[in-house]
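1. no sequence for this one, just the structure:
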């Protein structure tokens, strides 16, 4: 009963490096989303997808890319890491957009 | 633009007390409101979801109410236990695209 799996759990990058945060779910959910959580703030939506092949921008999409080639996977790419992207990143999925979301345990990312 | 506020930011109470957590939102045009729990170093767990047409939802010792006209929701926890210690977040879903707008959370500590 894996649910939503995020890898890696921790990562340290240097400014300008690129990397991909992985997210996979085994519940056959159509809706998947990426959030970032910063101290003292609520979660903010980065990108979301309503199904394979369909993605859209959320509140804070700049500096991030996503793709959704399968129902199960929704990777988040940082093209050129910046210190402002230091945060905890959460992936979530749900059967439909308005239904309760299932969250992964998060990726803690530090950009030096 | 929808804004969600949770007050207080932190709360510490003795075990056994009944307590209320507050969530307010600025735009009453919501699809639903959700309460989540977040444990340290973990993802978020959905607790209760209230549709915009509902007034309250109950799950065990938890009761969430919604007053859409005044832009307020409360999460009532009965007979609090040390295991209830966590951060509680509320989020509202918009009527156009179901994207969740989040409060910053209330960190709850239940003292044995």
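-> Great, that's in hand. Not measured: the values here are computed from a predicted model. Residues are numbered from 1 along each chain as shown, chains lettered A, B, ... in the order given.

2. What is the neighbour count of the closest residue to residue A:112 other than its chain neighbours?
-> Among residues not flanking residue A:112 along the chain, residue A:14 sits closest, at 5.5 Å (C-beta to C-beta, 6 or more residues apart in numbering or on different chains). All C-beta spots, glycine's among them, are computed from the backbone N, C-alpha and C. Using other C-beta atoms under 10 Å in any protein chain shown, residue A:14 has 8 other residues around it.

3. correct me, but residue A:14 touches residue A:81?
-> Yes - look at residue A:14 against residue A:81 with C-beta atoms under 8 Å: they come within range, at 7.3 Å.

4. can you pull the contacts of residue 104?
-> Looking at chain A here, since you left the chain open. A:3-6, A:23, A:90-92, B:43 (C-beta atoms under 8 Å, 6 or more residues apart in numbering or on different chains).

5. you looked at the wrong chain, it should be chain B
-> A:40-42, B:5-6, B:9, B:89.

6. ok, stretch A:90-102 near chain B or not?
-> Yes - using C-beta under 8 Å from any C-beta of the partner chain, stretch A:90-102 reaches chain B at A:90, A:92, A:96-102.

7. quick one: contacts for the residue nearest to residue A:112?
-> So residue A:14 contacts A:81, A:111-112 (C-beta under 8 Å, 6+ apart).

8. So residue B:83, which state does it fall into?
-> helix (DSSP: H, G, I helix; E, B strand; the rest coil).

9. Distance check, it against residue B:108.
-> To residue B:108, residue B:83 is 11 Å away according to C-beta to C-beta, to the nearest Å.

10. More neighbours: which of these two?
-> More neighbours surround residue B:108 than the other of residue B:83 and residue B:108, with 21 against 9 (other C-beta under 10 Å).

11. ok, and the residue most central in space within chain A, which helix or strand is that part of?
-> Central residue of chain A (C-alpha atoms, centre = their mean): residue A:34, 3.1 Å from the mean position. Taking DSSP states H and E as the criterion, residue A:34 maps to strand A:31-37.

12. who does the helix or strand where residue B:46 lies touch, helix- and strand-wise?
-> Using DSSP H and E, residue B:46 sits within strand B:44-51. Contacts defined by 3 or more C-beta pairs under 8 Å, 6 or more residues apart in numbering or on different chains; DSSP states H and E place strand B:44-51 against strand A:102-103, strand B:30-38, strand B:56-59, strand B:62-67, strand B:72-77.

13. Need those strands in a markdown table (columns: distance to residue A:49 and mean neighbour count).
-> Formatted as a markdown table, these follow (distance: least, C-beta to C-beta, whole Å; neighbours: other C-beta atoms under 10 Å in any protein chain shown):
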| stretch | distance to residue A:49 | mean neighbour count |
| --- | --- | --- |
| strand A:102-103 | 15 | 22 |
| strand B:30-38 | 19 | 22 |
| strand B:56-59 | 28 | 14 |
| strand B:62-67 | 28 | 19 |
| strand B:72-77 | 28 | 20 |
